[in-house]
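Student: below are the sequence and a predicted model for it; my questions follow.
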Amino acid sequence: KEYSPEQISAFILQKIKRDAEEYLGGKIKKAVITVPAYFNNLQRQATKDAGKIAGLEVLRIINEPTAAALAYGLDRGGEQKIVVYDLGGGTFDVSILEIGEGVFEVVATDGDTQLGGDDFDRRVMDWLIEEFKKDTGIDLRGDPAALQRLRDAAEQAKIELSSRMETQISLPYITADASGPKHLEKTLTRAKLESLIEDLLQRTMRIVDAALSAAKLSPEDIDQVVLVGGSTRIPKVQELVAQKFGKAKINKEINPDEVVAMGAAIQAAILAGEMDEIVLLDVTPLTLSIETLGGIATPIIERNTTIPVERTKTFTTAEDFQTQVEIHVVQGERKMAADNKSLGKFVLSGLPPAPRGVPQIDVTFSIDADGILQVKAKDRATGKEAAITIKETSRLTPEEIERMRKEAEEHAEEDRRKAEEAETRNQADMLIYSVEKALGELGDKVSSQKRAEIEAAIRSLKEKLEAKADVAAIRAAMEELRRVSGEVAAEAYRQAGSAEAAGSGGKGDQDKGGDYIDYQKE
């Protein structure tokens with residue numbers, strides 16, 4: 001089955017909703033959702049649609065850096081200029097805000113929706129693939145299973161290098177050829193990671209410079225820098241930001257993984273009337289234009305304009321006796337309409353025939369507090385109006401949203417069941433491995449009768465797994481294996497104790513049993 005991006009996003013929102021409901025002990029019906037500041041109009045609308053599919057009334061869409069500033073600046077006194085440097089898994093945003101007297105005003109924002117921690121992981125993956133190819137002559141790019149293991153290992157290595165200078169990447173049995181199985185063993189140093197991602201980090205700093213320029217500020221004008229997103233834990237990121245603004249200005253009081261959610265909660269409390277009103281003045285991240293003669297993108301609302309906002313510009317006809325005009329709305333910073341993101345087209349018809357340049361047509365763009373755009377065109381002579389209808393796949397009808405919401409509800413239990421099955425099977429595999437390992441280590445300390453019992457329990461559990469038995473049956477077989485193998489461990493310890501009393505060094509046997517006992521505790 002194929003899913004739309006909105007449905008996949010809704011699955012994630014549903015999981016978050018369920019977790020929150022379980023924690024709070026009640027139903028959640030409304031939400032404030034944060035998005036990357038550089039999301040365009042269609043991405044914002046798709047996010048609202050995903051919220052509806054998940055069964056939520058979306059009260060407000062706010063930009064992630066703005067939410068972070070809310071969390072940071074709520075209790076601060078005086079006026080401050082702050083930079084929010086937001087480097088997450090998939091996107092990068094930087095916003096510059098002025099805070100004072102309960103007013104949070106975004107004065108500039110910039111970013112890249114295709115730059116983040118995932119790109120760092122890919123650089124490490126590519127390095128591992130090339131190193132493995134050099135060592136073995138095998139290219140892992142065509143092996144999906146190997147690529148998934150590489151992706152996971154690359155991410156884990158990146159995380160570990162935030163707190164240590166080097167890490168070992170070990171992937172046994174990554175592939176095989178005619179000579180047998182192949183293993184990947186590599187040491188990745190922090191310095192090597194930094195060299196692999198240096199150009200990506202420099203891209204973030206160029207975006208910071210662009211935002212400062214748009215705000216007409218220098219690094220010296222900034223009072224605080226708030227780091228947001230897990231990728232800001234990378235030491236090199238902190239070093240580059242410190243070089244730009246000064247180490248003393250970097251604020252580390254707030255967990256970078258939690259600060260955006262805290263800001264969203266504050267905004268929700270304000271909307272619910274549970275907190276004093278804070279004036280939140282956000283901006284539109286990209287210029288909104290219409291296509292005019294020659295394919296030029298003529299701006300109506302410039303980027304970094306405070307929202308909500310409404311702007312009107314007057315246009316005329318390009319040819320004699322035109323009775324209709326097509327309005328093509330685009331979003332982006334390019335000069336030609338074709339190079340920007342098309343948001344949609346609509347037609348204003350019924351114009352009285354007149355020479356070119358005579359009719360006057362008012363085109364009005366209005367952006368609401370969620371950053372979502374409405375466009376209308378009006379002929380001054382006749383009063384005729386037309387409004388935009390975005391005919392994009394990411395814009396869904398109410399019927400489609402309702403259908404997807406019901407599907408999401410229907411699949412919620414199925415998704416939970418599948419996750420439970422997978423987790424149980426993983427636990428069973430680990431138990432089998434641990435018990436077989438312990439049997440091998442204990443050797444003749446296990447009586448033949450007890451060994452036969454354990455092997456029978458192992459066979460039973462393996463059969464349940466191979467037959468894809470239900471969770472209850474697998475758990476029952478696991479419990480039986482734990483019971484019989486637990487008796488062996490106890491017997492081994494008793495024997496070891498006797499041996500030690502006789503001076504035969506039983507301590508070594510106790511140590512050997514440690515792995516198994518730890519597993520039982522889990």
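Tutor: That came through, no problem.

Student: contacts only, for residue 386.
Tutor: Listed by Cβ atoms under 8 Å, 6 or more residues apart in numbering, the contact partners of residue 386 are 327, 346, 347, 348, 349, 376, 377. To be clear about C-beta, it is placed using only N, CA and C from the backbone, and glycine gets the same treatment.

Student: out of these, who's nearest residue 73?
Tutor: Of all the contacts of residue 386, residue 376 has the smallest distance to residue 73: 36.2 Å, by Cβ to Cβ.

Student: wait, a helix at the closest one?
Tutor: No. Counting by DSSP: H, G, I helix; E, B strand; the rest coil, residue 376 is not part of a helix but strand.

Student: list the contacts of the residue nearest to it when sequence neighbours are not counted.
Tutor: Distances taken as Cβ to Cβ, 6 or more residues apart in numbering put residue 387 closest to residue 376, at 4.4 Å, once the chain neighbours are dropped. Residues counted as contacts of residue 387 (Cβ under 8 Å, 6+ apart) are 346, 374, 375, 376, 377.

Student: filter those down to the buried ones.
Tutor: 346, 375, 376, 377 (16 or more other Cβ atoms under 10 Å).

Student: low-confidence ranges in the stretch 1-150 of the chain?
Tutor: 74-77 (pLDDT under 70).

Student: helices along that one, start to end?
Tutor: In the stretch 1-150 of the chain, the helices defined using DSSP state H, counting those that start in this stretch lie at 5-24, 41-53, 64-73, 117-136, 144-160.

Student: quick one on the thing from earlier: just the pLDDT at the residue nearest to residue 376, thanks.
Tutor: Here the pLDDT value assigned to residue 387 is 75.

Student: so which of the helices of the stretch 1-150 of the chain is the most packed in?
Tutor: Ranked by mean neighbour count, those are led by helix 64-73 with a mean of 27 (mean count of other Cβ atoms under 10 Å).

Student: which residues touch that one?
Tutor: With Cβ under 8 Å, 6+ apart, helix 64-73 has contacts from 34-37, 80, 82, 84, 86, 88, 93-95, 97, 99, 104, 106, 109, 224, 226, 228, 251, 253-254, 259-264, 266-267, 278, 280, 282.

Student: and for residue 471, the neighbour number?
Tutor: 13 (other Cβ atoms under 10 Å).

Student: in this structure it contacts residue 424, no?
Tutor: Yes. The criterion here is Cβ atoms under 8 Å, and residue 471 meets it with residue 424 at 5.0 Å.

Student: which of the buried ones among the contacts of residue 387 lies closest to residue 437?
Tutor: For the buried ones among the contacts of residue 387, the nearest to residue 437 is residue 375 (66.8 Å; Cβ to Cβ).

Student: contacting residues for the closest one?
Tutor: Contacts of residue 375 (Cβ under 8 Å, 6+ apart): 327, 329, 346, 363, 364, 365, 366, 387, 388.

Student: buried ones only from those, please, as a PyMOL command.
Tutor: Here is the PyMOL command that selects the buried residues among the contacts of residue 375 (16+ other Cβ under 10 Å):
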select buried, resi 327+329+346+363+364+365+366+388
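
Student: what is the nearest of the contacts of residue 375 to residue 23?
Tutor: Out of those, the member with the shortest distance to residue 23 (by Cβ to Cβ) is residue 366, at 38.1 Å.

Student: excluding chain neighbours, what is closest to that closest one?
Tutor: With Cβ to Cβ, 6+ apart, the residue lying closest to residue 366 is residue 310, at 4.1 Å.

Student: now the phi/psi pair for the one you found, please.
Tutor: phi -140, psi 130 (degrees, to the nearest 10).

Student: just to revisit the earlier point, buried subset of the contacts of helix 64-73?
Tutor: 34-37, 80, 82, 84, 86, 88, 93-95, 97, 99, 104, 106, 109, 224, 226, 228, 251, 254, 259-264, 266-267, 278, 280, 282.

Student: quick one on the thing from earlier: any idea how far residue 300 is from the residue nearest to residue 376?
Tutor: From residue 387 across to residue 300, the span is 15 Å (Cβ to Cβ, to the nearest Å).

Student: check residue 114 too.
Tutor: Where residue 300 is concerned, residue 114 sits at a distance of 26 Å (Cβ to Cβ).

Student: which of those two has more neighbours?
Tutor: Per other Cβ under 10 Å, whichever of residue 114 and residue 300 has more neighbours is residue 300, with 20 against 11.

Student: so what's that one closest to, chain neighbours aside?
Tutor: residue 365 (4.5 Å).

Student: could you dump the strand or helix carrying that neighbour to PDB, C-alpha only?
Tutor: Using DSSP states H and E, residue 365 sits within strand 361-367. C-alpha atoms of strand 361-367 as PDB (Å, rounded to 0.1, in the frame of the first residue of the first chain):
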ATOM      1  CA  ILE A 361      -6.700  44.600 -11.300                       C
ATOM      2  CA  ASP A 362      -5.900  44.500  -7.600                       C
ATOM      3  CA  VAL A 363      -4.100  41.400  -6.400                       C
ATOM      4  CA  THR A 364      -4.200  40.800  -2.700                       C
ATOM      5  CA  PHE A 365      -2.000  38.400  -0.800                       C
ATOM      6  CA  SER A 366      -2.900  37.600   2.900                       C
ATOM      7  CA  ILE A 367      -0.900  35.400   5.200                       C
END
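
Student: and residue 252, its phi and psi?
Tutor: Torsion angles, degrees, to the nearest 10, at residue 252: phi -120, psi 20.

Student: wait, it sits on residue 227?
Tutor: Yes. Using Cβ under 8 Å, residue 252 is in contact with residue 227, at 7.2 Å.

Student: what about the two, which has more around it?
Tutor: Neighbour count, other Cβ under 10 Å: between residue 252 and residue 227, residue 227 has more, with 22 against 11.

Student: what distance separates stretch 24-35 from the centre of its chain?
Tutor: 18 Å (Cα atoms, centre = their mean, to the nearest Å).

Student: err, stretch 36-53, not the other one
Tutor: The answer for stretch 36-53 is 14 Å, by Cα atoms, centre = their mean.

Student: with stretch 451-463 instead?
Tutor: The answer for stretch 451-463 is 43 Å, by Cα atoms, centre = their mean.

Student: please identify the buried residues of that stretch?
Tutor: Buried, per 16+ other Cβ under 10 Å, within stretch 451-463: 453, 454, 457, 458, 460, 461.

Student: any idea of the pLDDT on the first one?
Tutor: The one in question is residue 453. 90.

Student: same thing with the fifth one?
Tutor: With respect to pLDDT, residue 460 scores 94.

Student: quick check: closest non-adjacent residue to it.
Tutor: residue 477 is the one closest to residue 460 (Cβ to Cβ, 6+ apart), at 5.2 Å.

Student: residues touching that neighbour, list them.
Tutor: Contacts of residue 477 (Cβ under 8 Å, 6+ apart): 428, 457, 460, 461, 464, 469.

Student: closest to the centroid, which residue in this structure?
Tutor: residue 89 (5.4 Å; Cα atoms, centre = their mean).

Student: what's the spacing between residue 131 and residue 119?
Tutor: Residue 131 is 19 Å from residue 119, by Cβ to Cβ.

Student: just for the stretch 401-522 of the chain, where's the confidence low?
Tutor: Scanning the stretch 401-522 of the chain for pLDDT under 70 picks out 401-412, 415-416, 419, 487-522.

Student: how about the strands of the stretch 151-300 of the chain, start to end?
Tutor: In the stretch 151-300 of the chain, the strands defined using DSSP state E, counting those that start in this stretch lie at 166-177, 180-189, 224-228, 250-251, 279-283, 288-292, 296-301.

Student: buried residues in the helix or strand that contains residue 347, which are they?
Tutor: Per DSSP H and E, residue 347 falls inside strand 341-349. Going by neighbour count (16+ other Cβ under 10 Å), the buried part of strand 341-349 is 342, 343, 344, 345, 346, 348.
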